[in-house]
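*Asks:* Just the structure for this:
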Amino acid sequence: MSILRLTVGALIVGGMMFTVWDWREWKIAETKDYGHGWAENREVAPAQKLEGVYTNKLLKFRLKYPSDWKVEGMTFSEPGGGVKMVVTVEEDARDLPTIADKMAEGVTQARGYINTDSASLVILTWGGPRETKQVAIAKKGDRVYKIEVTCESGAWKSWSATLEQIYRSVVLL
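*Replies:* So this is what the prediction gives:
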């Protein structure tokens, strides 16, 4: 055997070993936080428990909300007025990614995605100096369900975990 063949063989074996090692490290880093929710919410405890249940049989959806929130029609608001959530349902034949792409202009954070047993939601967030706006969009059939939330920017961190729980509670009937 020549030295050239030994060198090439050693490089191939070393490259394969490095590739397997690097893949394992990558896999650990990529999957370590899978299923734990948004990174910014891991440090923040949920602001309130979701004890109220809102069901709209006509528009075929259900969601949970904090029990002390005021409910008027499909508008939910925190007693202090810091958070307001409005649910709307519209007819739209386009698919969910197309709808989200049209709405995503000026988004200040990466899109969020939440999958539940009955719905896949796309979360779009716009941050401003005074208020932060977030829209969760889901689609079933030709109906588009939008949950629009406005919150004072200073209080956003304390409410974001509660809002994530509300989105996870959405059931499209």
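
*Asks:* contacts and neighbour counts: CA atoms only from here.
*Replies:* OK.

*Asks:* Return the distance of the one helix or strand residue 12 maps to from the chain's centre.
*Replies:* Residue 12 is part of helix 3-31 when elements are defined by DSSP states H and E. In terms of Cα atoms, centre = their mean, to the nearest Å, the centre of helix 3-31 is set 36 Å apart from its chain centre.

*Asks:* Let me know the next secondary structure element after it.
*Replies:* Per DSSP H and E, the first helix or strand lying C-terminal to helix 3-31 is strand 50-56.

*Asks:* check which helix or strand covers residue 88.
*Replies:* Applying DSSP H and E as the criterion places residue 88 in strand 83-91.

*Asks:* ok, and what's touching that strand?
*Replies:* Applying Cα atoms under 8 Å, 6 or more residues apart in numbering, the set of residues contacting strand 83-91 from outside is 59, 74-78, 142-152.

*Asks:* buried ones in it?
*Replies:* Neighbour-count burial for strand 83-91 flags 83, 84, 85, 86, 87, 89 (criterion: 16 or more other Cα atoms under 10 Å).

*Asks:* mean confidence score for the helix or strand that comes right after it?
*Replies:* Going down the chain from strand 83-91, the next helix or strand is helix 96-103, by DSSP H and E. Mean per-residue pLDDT for helix 96-103: 90.

*Asks:* same check, this time on stretch 106-114
*Replies:* Stretch 106-114 comes out at a mean pLDDT of 82.

*Asks:* Also stretch 19-33?
*Replies:* In the prediction, stretch 19-33 has an average pLDDT of 82.

*Asks:* Low-confidence stretches in the protein?
*Replies:* 34-47 (pLDDT under 70).

*Asks:* picking that back up, next step: the contacts of strand 83-91 restricted to strands.
*Replies:* Here DSSP state E is the test, and these give 75-77, 143-152 as lying in strands.

*Asks:* Mind picking the two most distant members of these?
*Replies:* Farthest-apart pair in the ones in strands among the contacts of strand 83-91 is 143 and 152; separation 29.5 Å (Cα to Cα).

*Asks:* Between these two, which has more neighbouring residues?
*Replies:* Applying other Cα atoms under 10 Å to residue 143 and residue 152 shows that residue 152 carries more neighbours, namely 19 against 16.

*Asks:* Give the buried residues for stretch 98-106.
*Replies:* 99, 100, 104.

*Asks:* no wait, stretch 58-75
*Replies:* 61, 63, 64, 65, 66, 69, 71, 75.

*Asks:* nearest spatial neighbour of the first one, skipping sequence neighbours?
*Replies:* Spelled out, it's residue 61. Of all residues not flanking residue 61 in the chain, residue 172 sits nearest, at 4.4 Å (Cα to Cα, 6 or more residues apart in numbering).
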